[in-house]
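Novice: need a structure here:
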Amino acid sequence: MKEFKLPYYKGYINFSIDENRVNGVLVSHSEEYVPKYTQEQLVENALQNPINSKKLSELAQGKKNIVVISSDHTRPVPSKITMPIILKEIRKYNNDADITILVATGMHRPTTHDELVDKYGLSIVENEHIVIHDAYDDNNMVFKGILPSGGELWLNKLVDEADLLISEGFIEPHFFAGFSGGRKSVLPGIASKKTVLWNHNAKFISSPFSRAGSLQNNPIHQDMVFAAKQAKLEFILNVVINSEKKIIEAFSGNLEDAHQKGCQFVSSLAEVKPIVSDIAITTNGGYPLDQNMYQTVKGLTAGEACVKQDGVIIIASSCADGSGGDFFYNILKNAKDAHEAWNNILSVDPSKTEFDQWEAQVLARVLMKAHVIVVSTHCDSQMFKDMHMLHATSISEALIMAEEFVGKDKKVTIIPDGIAVIVK
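Specialist: Okay, here's the model as predicted:
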């Protein structure tokens, strides 16, 4: 028997399987990568060696209003490490600037006080000015032009009030934007609801270029870059993390150039060739990304790339916060099957895109290829059933359930962290 330890919620889930059934194991080489420096040193080195940009401390000189866009509670950016270093660098030559940390929630729920403390530490929460973006507050938005795709670009008004706009984030494969990080802190991070909805329309999501690891000709990415430039995002700090959420590399500087360097580094670690089996076992990388079913769709796409038609994808994901969105949930629940949900979504005009439609679209696409079994000890089975999936409380139970669809002793591809790999 072969033993596996998979990230699940704030810990791990273990299971064993006959090694003769294991067709292959796909992992990011980030697990093997050993950085030369500590996490703090990597961030400091990146800030002292920006890519195609002046140093942040130099850019901050003489500035009065500085806004730092920061990822929200759904992203495992180690801000307890990055933010104190960023603030120190800003204040190196400028102790008088008004600094605002703008939490880029996109269209997620507001980050709670406890989540802010968990993310930044009590000192920053008590002593710094933090604003949580609200995509639904039209009075708090400014018009910044027309996107390349034709949609209207509305952003948080703080971008116009800032005389220096910077962002922190992390880079990992993203299932339709290609990669996270960089320009994504602006769109969808601090964009209005109407702009996010347009950018995430069904036509763009169904594009063959809107896939993990793909930036060239990606219509979603193109809109995002435009938005970041219109916002005058002048400097970014993006880190790369491993499965333990530890920083293994950092990049800073120009919006596009620093992000591109980071994406190249991630690609060198994350790209794997598909090993197709009747069953694929994966995860959503554990907390915070496996908090709900909405986020769990991301990990499912790695399984989708490695499972045969009508096979089974087993994903370990706590979904401790439930579905992650009523509209997302209801799109699947109110359709008789995934095919109907898919057709309903594709019929929606870009101007009428609704919240969470894109996540439901990708989930429907996955379900049209394979049966999905979610392994969770935190969530009610009925939710998964309503969304045309199955529920198990252990990998072993899920494997037994999978046999009902594909037969006994079928080959299995194991992807310990579906978020961390680019299957190409």
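
Novice: can I assume residue 384 is in contact with residue 390?
Specialist: Yes. Using CB atoms under 8 Å, residue 384 is in contact with residue 390, at 6.3 Å. Glycine gets a C-beta too; all of them are placed from N, C-alpha and C.

Novice: what touches both of those two?
Specialist: residue 374 (CB atoms under 8 Å, 6 or more residues apart in numbering).

Novice: So which residues of the stretch 201-350 of the chain form helices?
Specialist: Counting by DSSP state H, counting those that start in this stretch, the stretch 201-350 of the chain has these helices, from start to end: 202-205, 219-230, 255-270, 293-304, 326-333, 338-346.

Novice: so where does residue 382 fall, helix or strand?
Specialist: Using DSSP states H and E, residue 382 sits within helix 381-386.

Novice: Remind me what that helix packs against, helices and strands.
Specialist: helix 326-333, strand 390-392 (3 or more CB pairs under 8 Å, 6 or more residues apart in numbering; DSSP states H and E).

Novice: Sheet partners, orientation included, of the one helix or strand in the chain whose mean pLDDT sits lowest?
Specialist: None of the helices or strands of the chain scores lower by mean pLDDT, DSSP states H and E than strand 173-174, at a mean of 91. Each strand that pairs with strand 173-174, with its direction, by DSSP bridges: strand 178-179 (antiparallel).

Novice: For the following helix or strand past the strand it pairs with, which outside residues touch it?
Specialist: As assigned by DSSP H and E, the chain's next helix or strand after strand 178-179 is helix 193-199. Outside helix 193-199, the residues that touch it by CB under 8 Å, 6+ apart are 106-107, 135-136, 147, 149, 151-155, 187-188, 191, 220, 223-224, 227, 350-351, 353-355, 357.

Novice: Of those residues, select the buried ones using a PyMOL command.
Specialist: To isolate the buried ones among the contacts of helix 193-199 in PyMOL, judged by 16 or more other CB atoms under 10 Å, type:
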select buried, resi 106+107+135+147+149+151+153+154+155+187+188+191+220+223+224+227+350+353+355+357
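
Novice: Narrow the contacts of helix 193-199 to those in strands?
Specialist: Cross-referencing the contacts of helix 193-199 against strands under DSSP state E gives 152, 153, 154, 155.

Novice: what mean pLDDT would you report for the helix or strand hosting residue 85?
Specialist: Using DSSP H and E, the element containing residue 85 is helix 79-90. Helix 79-90 carries an average pLDDT of 98.

Novice: Please enumerate residues in contact with that helix?
Specialist: So helix 79-90 is contacted by 39-40, 43-44, 47, 55-57, 60, 66, 68, 70-71, 97, 99, 101, 119-121, 124, 128, 166, 168, 237, 239, 247 (CB under 8 Å, 6+ apart).

Novice: Separate out the buried members of the residues you listed.
Specialist: 39, 43-44, 47, 55-57, 60, 66, 68, 70-71, 97, 99, 101, 119-120, 124, 166, 168, 237, 239, 247.

Novice: From the structure, what's the count of residues near residue 159?
Specialist: Residues within reach of residue 159, counting by other CB atoms under 10 Å, total 22.

Novice: Ok, residue 295 next?
Specialist: For residue 295, using other CB under 10 Å, the count is 22.

Novice: just checking, it touches residue 73?
Specialist: No. Using CB under 8 Å, residue 295 makes no contact with residue 73, being 11.3 Å away.

Novice: How much space separates residue 211 from residue 298?
Specialist: Distance check for residue 211 against residue 298: by CB to CB, to the nearest Å, it reads 12 Å.
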